[in-house]
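1. Predicted coordinates and the sequence they were generated for:
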Amino acid sequence: MNKFTIDIDETFKYYYRPLCLYVLHYVHDTDIAEDIVQDSFSILWEKLSISGAEIENVKAYLYTTARNRSLDYLKKEEI
């Protein structure tokens, strides 16, 4: 069991819109930004549920994951 209990539903409700706006600065496409943010939450969920990892700062983890996914997308699109 994690030392830090995270309610993924509340975390999603709290961070979804700000993360979408953050990613939108990178990709300039609302649909792509939403996909990247959803992917970031999926990665968080997998990390917590499957590997049982401890994440002390969920906000930093989500923003870093979203940024990295955005940069991966841009690299893939060669922009």
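-> That came in fine, so what should we check first? Residues are numbered from 1 along each chain as shown.

2. list the contacts for the residue nearest the centre of the chain?
-> Nearest to the centroid of the C-alpha atoms of the chain, with distances taken as C-alpha atoms, centre = their mean, sits residue 40, at 2.7 Å. By C-beta atoms under 8 Å, 6 or more residues apart in numbering, residue 40 lies in contact with 19, 62, 65, 66, 69. Placement of C-beta: from N, CA and C, glycine included.

3. quick check, nearest of those residues to residue 77?
-> Each of the contacts of residue 40 was checked against residue 77 using C-beta to C-beta; the closest is residue 69, at 12.6 Å.

4. my guess is that closest one meets residue 42, correct?
-> No. Counting by C-beta atoms under 8 Å, residue 69 does not reach residue 42; the two are 10.3 Å apart.

5. What's the separation between residue 42 and residue 31?
-> 17 Å (C-beta to C-beta, to the nearest Å).

6. Then residue 14?
-> On the measure of C-beta to C-beta, residue 14 and residue 31 end up 22 Å apart.

7. more crowded one of these two?
-> Neighbour count, other C-beta atoms under 10 Å: between residue 14 and residue 31, residue 14 has more, with 14 against 8.

8. Over to the more buried one. Which of the three states is it?
-> Following DSSP: H, G, I helix; E, B strand; the rest coil, the label given to residue 14 is helix.

9. same deal with residue 52?
-> Following three-state DSSP, we place residue 52 in the coil state.

10. Got phi/psi on it?
-> Main-chain dihedrals, residue 52, degrees, to the nearest 10: phi 70, psi 20.

11. confidence score at it?
-> pLDDT for residue 52: 76.

12. Residue 49 - how many residues pack around it?
-> Neighbour number of residue 49 under other C-beta under 10 Å is 11.

13. My error: substitute residue 48 in the last question.
-> 20.
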